[in-house]
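# following is a predicted model, sequence given first.
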Amino acid sequence: MTSQSTMGRANQKLRTRTAIVQAAAELSRTGREVTMPEVAKAALVSEATAYRYFPDLASLLQEAIAGQLPSAEEALQPVAGSVDPVERVAAATEFLLRHVLTRQGVVRAMIAATVIRPGGAAARPGLRFGLIDHALAPLDGTLGVADPAALTQLKQDLAVVVSAEALFVLTDLQGLDPEAAISSLVHTATTLTRAALPDRRRPGGG
């Protein structure tokens, strides 16, 4: 009897935890603000219960969105046949920023958690670094060989531009509408990439 009771409690805890994670995952897809009270409400549990299973919103969201992010290869499938790093960076930048717009509630929550606890930044799910690496793959055998430091610098420069933070600076602080903000950041990212090419031209350019 004791064993059955213990198993029943364990199963109930698992169901509750699963409900909380699923509620967070579903909220993350809406683009709306994601908070622990909202997650608890959607999971039909109290906020205190949600906090018993997860110490903070960031740890919950890390689990909830695991597996939701596409791979860099999937994201850049439309330019898979291109060896032009400028074209590939443009595609990577636009993909990331549009992805951020559709899920900005969860993205903002994760950024806020990173600001409060910088030590947890490494666990923050993200697309940008994989996208940048994959977009610049055609340069591995050229710039990466001739001037690896320059390729590393380009990736660092792009990490500032190909980012949710850059998008929110333009929309929140400068008042740009999302389309204008995306256009501006694509322009910046491609300008940086073009300037870093060994001959300062796109492959095949005159």
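Sure, I can see it. Not measured: the values here are computed from a predicted model.

# what residues are up against E179?
Shown in contact with E179 (Cβ atoms under 8 Å, 6 or more residues apart in numbering): no residues. The C-beta positions use only the backbone N, C-alpha and C, and glycine is treated the same way.

# and E33, how far from D172?
E33 sits 14 Å away from D172, going by Cβ to Cβ, to the nearest Å.

# now do L154: how many residues are near it, please.
By other Cβ atoms under 10 Å, the residues close to L154 number 23.

# any idea which element it lies in?
Taking DSSP states H and E as the criterion, L154 maps to helix 148-161.

# can you list contacts of that helix?
Taking Cβ under 8 Å, 6+ apart as the rule, helix 148-161 contacts 89, 93, 128-129, 132-133, 136, 139-140, 143-144, 166, 185, 188-189, 192-193, 196.

# ok, and the closest non-adjacent residue to the residue nearest the centre of the chain?
Nearest to the mean C-alpha position of the chain, by Cα atoms, centre = their mean, lies G126 at 3.4 Å. Distances taken as Cβ to Cβ, 6 or more residues apart in numbering place L69 nearest to G126, at 7.8 Å, with adjacent residues excluded.

# quick one, domains of the chain?
With domains defined by automatic domain parsing, the chain comprises 2-64, 72-196.

# give the other helices and strands that the longest helix anywhere in the chain contacts.
The longest helix of the chain (DSSP state H) is helix 2-28. On a contact count with 3 or more Cβ pairs under 8 Å, 6 or more residues apart in numbering; DSSP states H and E, helix 2-28 meets helix 36-43, helix 47-53, helix 57-64, helix 104-116.

# same thing but at 7 Å, please
Under the contact criterion of 3 or more Cβ pairs under 7 Å, 6 or more residues apart in numbering; DSSP states H and E, helix 2-28 touches helix 36-43, helix 47-53, helix 57-64.

# out of those, deepest packed?
A comparison of the helices and strands packed on helix 2-28 by mean neighbour count, using mean count of other Cβ atoms under 10 Å, puts helix 57-64 on top with a mean of 20.
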